[in-house]
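>>> Give the three-dimensional model of this entry:
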Amino acid sequence: MCNSFGIQGYPTVQFFNTFSKQPSDGIRLYDRNPDMMKRFLIDKLEAQKESPPPACPPLEPISAPEIDYFFENNDESFLTLIFEEHSSYMAREVALDMVQYQGVSVRRVLKEQADLVERFNVSSLPSGFLLCRNGSISKIRLKEECREEYTKFVRSLPGVKRTITNLIGWSANPVDDAVVQKTVNSSAIYIADLESSLHYSLRVEVARFSVLTGDRLKALTMYLSVLKKYFPARPYLRTLLSSLHSWLYRQRGKIVTYTDFADVLNNKDQKQKAVLTPNVNFVWCQGSKPEFRGYPCSVWTLFHMLTVRAAELGSSNPHEVLKAMCSYVRFFFGCRDCAEHFEKMAAESMNSVRNMDDAIRWLWLSHNRVNKRLAGDATEDPHFPKIQWPSKELCPDCRKMINNETTWDTPAVLNFMKKRFSENNLLYDYAEDEAVLLEKQNKRAGGQRTKRMAEDDQTDPEKQTVIQTIIPAIKAQEPEDRPTDSKGKPSSRHRATIIKMKSFTAIQNEREEDDIVDLDNSELHYFPRRTLQDSNKNGYAIQSELMLDLPDSDFDQEAVRLRLLKRGVDANSLIGVVAETGEVNWKGRWVKMLEVGFSRLDISICVFLYFLTSMCLLGMYLFLSFRSRFRQRCLYPQL
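Numbering: from 1, shown residues only. So this is what the prediction gives:
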């Protein structure tokens, strides 16, 4: 969905006019201020005067005639008029607040409408008036002239009730979205969480960009480089990460499409055993509801694992993993607010990292800064509150008392991080076996190939038109009684007439059942040099003696002519196909025998080359002859 609409980060707001059909019709709003977003949407709704949304109330200013005939043309019991400045949005906001209510209508009046201002004796702005169906008019008096007070007043009018309206994306019946919690060892790390993080990052976040080039391509290459080196991958995934990184490295300086990247990621050619889980399966990172924890939790787990693994494997570059993470977050992480905060933290303090232990500590401190900022946020899982991590239960020794104040014991925290994110602390519970994943991947790839081939056959205009024009004519002229061999199949002296190939799979099935060889579409096309030799061994080659001696009744001249025209060959170019009555012109037939297999253009080129060669030889002869005579004159001058 995000890819088809060009969404590369969130939150992103796009406005679609009524009856829009294409994702490209959306108008993107870049301002993230809630009030500005609200005003932008109101302006766009008001601008749709020709085709407004069916449920949208009138947002344009009301006119005097509309007021006069309002109750005659509408069923509402009340009409609320709000006089305001042209730049004010209050009246339109109140009107939209009442979309799901019936019995009252809210309309806007501008101070520039002098006739209505004078008619209602408006002395200050904003001002509200209530018109009833019985003709009474009263001024609305509120504690404060604001949107909330007007909405509350209008909804309290007698007879105004909320309608039962199912909005898009909203269900009247509550949906139980609670997830079944897995049994988890809180002191361990699950490979299912790490692989789910890889799947989401490479197949969802990177997929938002149809083209990868420049710094974004470099960031992806750096990300895969550290994954290849330090990710505790299972054998098939290790092979895939190595292939991905090698392929991306060869593409440096080029423009890479995500489609090509996905082909390598999904092991499309199936040349090696390489696979990445196609789904998310969070275990320790599972939230109480689908919208909680999940991918953000798994990303932090992945980053911590990479920093610890780099230290375990003796990396000498403490910034390698951190820079790869920062580049990935900058160019691919969907939450743009999160990416900006992470980049800001990196710019402030990442330069202080001097060794591998510093890299582990820096990421831990940054994680706790994020937890502190997001504590109590709407995105926080109530069952897993944002705390300063690790908790006392996970690491009792990570805190110490100094002057009656609790502080972190940094060496103890470092030891805890190295033990927790060590490869020895990995659990493979809930992770699907790689052999099963590979088998499923191969089945999906085979099904996709079959689907593409079927679609190609259906969309090929050449294959679809030939059958409708030529086959009826051929069938009408085919003899009913054709010679057959001992097996009941057509004699080898009669070639099969195959005009249209329905599909590759259909042809394979037909060839398994019928061993009649179509020389036009098979041997002559694929193996032109072996055709005569192999076909002669198999007994179905076209012999010149047979062609000359066959009676005219054995030939369906029109069918043969159509076959030859399909191949682009003149029927008269094949000796013996068209039997003529009367005296046979043997000289002409021998010439035609020499022409078998050659087009007129081929013969014309040969004649031209022969003529050109002869002229070259003649020129060389004349040149040598004149030069010889010239030398003789020089050696023996006349006295």
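>>> Name the spans of the chain whose pLDDT lies under the cut-off.
1-10, 164-179, 449, 451-598, 634-639 (pLDDT under 70).
>>> Quickly list the domain ranges of it.
13-162, 189-427, 464-479+489-594 (automatic domain parsing).
>>> Pick the most buried one from these.
Of all the domains of the chain, domain 189-427 has the most neighbours on average by mean count of other Cβ atoms under 10 Å, namely a mean of 17. C-betas here are computed from N, CA, C, even on glycine.
>>> Quote the end-to-end distance of that one.
6 Å (Cα to Cα, to the nearest Å).
>>> For residue 286, give me its contacts.
179, 181-182, 184, 293-294 (Cβ atoms under 8 Å, 6 or more residues apart in numbering).
>>> if we can go back for a sec, can you say which of the domains of the chain is nearest to residue 440?
Residue 440 sits nearest to domain 189-427 of all the domains of the chain, at 7.7 Å, using Cβ to Cβ.
>>> just how off-centre is that closest one within its chain?
Centre-to-centre, domain 189-427 and its host chain are 24 Å apart (Cα atoms, centre = their mean, to the nearest Å).
>>> next one: stretch 423-437
The answer for stretch 423-437 is 28 Å, by Cα atoms, centre = their mean.
>>> Just the residues contacting it, thanks.
So stretch 423-437 is in contact with 182, 185, 187-192, 195, 232, 234-237, 275-278, 281, 283, 309, 312, 419, going by Cβ under 8 Å, 6+ apart.
>>> Return the subset of those lying in strands.
Taking DSSP state E as the definition of strands, the contacts of stretch 423-437 contribute 189-190.
>>> so where do the strands sit in the stretch 201-350 of the chain?
In order along the chain, the stretch 201-350 of the chain carries the following strands (DSSP state E, counting those that start in this stretch): 211-212, 256-257.
>>> of all those strands, which lies closest to residue 242?
strand 256-257 (17.7 Å).
>>> Just give the strands next to that closest one in its sheet, each with its orientation.
Strand pairing for strand 256-257, determined by DSSP bridges: strand 211-212 (antiparallel).
>>> For stretch 26-38, give me every contacting residue.
For stretch 26-38, the surrounding residues in contact (Cβ under 8 Å, 6+ apart) are 5, 11-17, 20, 40-41, 44, 89, 93.
>>> Which helix or which strand is home to residue 129?
strand 127-132 (DSSP states H and E).
>>> Looking at the domains of the chain, which is nearest to residue 630?
Among the domains of the chain, if distance is taken as Cβ to Cβ, the winner is domain 464-479+489-594, at 43.8 Å.
>>> ok so, going back, got CSV for the contacts of residue 286, with distance to residue 206 too?
Shown next, in CSV, are those (distance: Cβ to Cβ, whole Å):
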residue, distance to residue 206
179, 26
181, 30
182, 27
184, 29
293, 21
294, 17
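>>> residue boundaries of the strands in this structure?
13-15, 27-29, 78-84, 101-102, 104-110, 127-132, 137-140, 161-162, 189-190, 211-212, 256-257, 399-402, 405-408, 426-427.
>>> and residue 66, which of those is closest to it?
Short answer: strand 104-110, nearest of the strands of the chain by Cβ to Cβ, at 7.8 Å.
>>> got the angle for the closest one vs strand 127-132?
Angular relation of strand 104-110 and strand 127-132 on a 0 to 180 degree scale: 140 degrees, by axes from the mean of the first three to the mean of the last three Cα atoms, to 10 degrees.
>>> Find out how far strand 104-110 is from the centre of the chain, if you would.
46 Å.
>>> Roughly how far does the residue nearest to residue 285 when sequence neighbours are not counted sit from residue 284?
In this structure, residue 285 finds its nearest non-sequential neighbour in residue 297, 3.7 Å apart by Cβ to Cβ, 6 or more residues apart in numbering. Separation of residue 297 from residue 284 (Cβ to Cβ, to the nearest Å): 8 Å.
>>> which residues are in contact with both of those two?
With Cβ under 8 Å, 6+ apart as the test, residue 297 and residue 284 both reach residue 193.
>>> What ranges does the stretch 101-250 of the chain have for its helices?
114-119, 147-155, 191-200, 214-230, 235-250 (DSSP state H, counting those that start in this stretch).
>>> For the shortest one, enumerate the helices and strands it packs against.
What that stands for is helix 114-119. For helix 114-119, the helices and strands in contact under the criterion 3 or more Cβ pairs under 8 Å, 6 or more residues apart in numbering; DSSP states H and E are helix 64-68, strand 78-84.
>>> From the rest of the structure, what touches the shortest one?
What it means is helix 64-68. By Cβ under 8 Å, 6+ apart, helix 64-68 touches 79, 81, 107, 113, 115-116, 119, 131.
>>> I'd like to know which of those is nearest to residue 349.
Looking across the contacts of helix 64-68 and measuring by Cβ to Cβ, the closest to residue 349 is residue 107, at 56.3 Å.
>>> what's the nearest residue to the closest one if we skip its chain neighbours?
residue 62 (4.0 Å).
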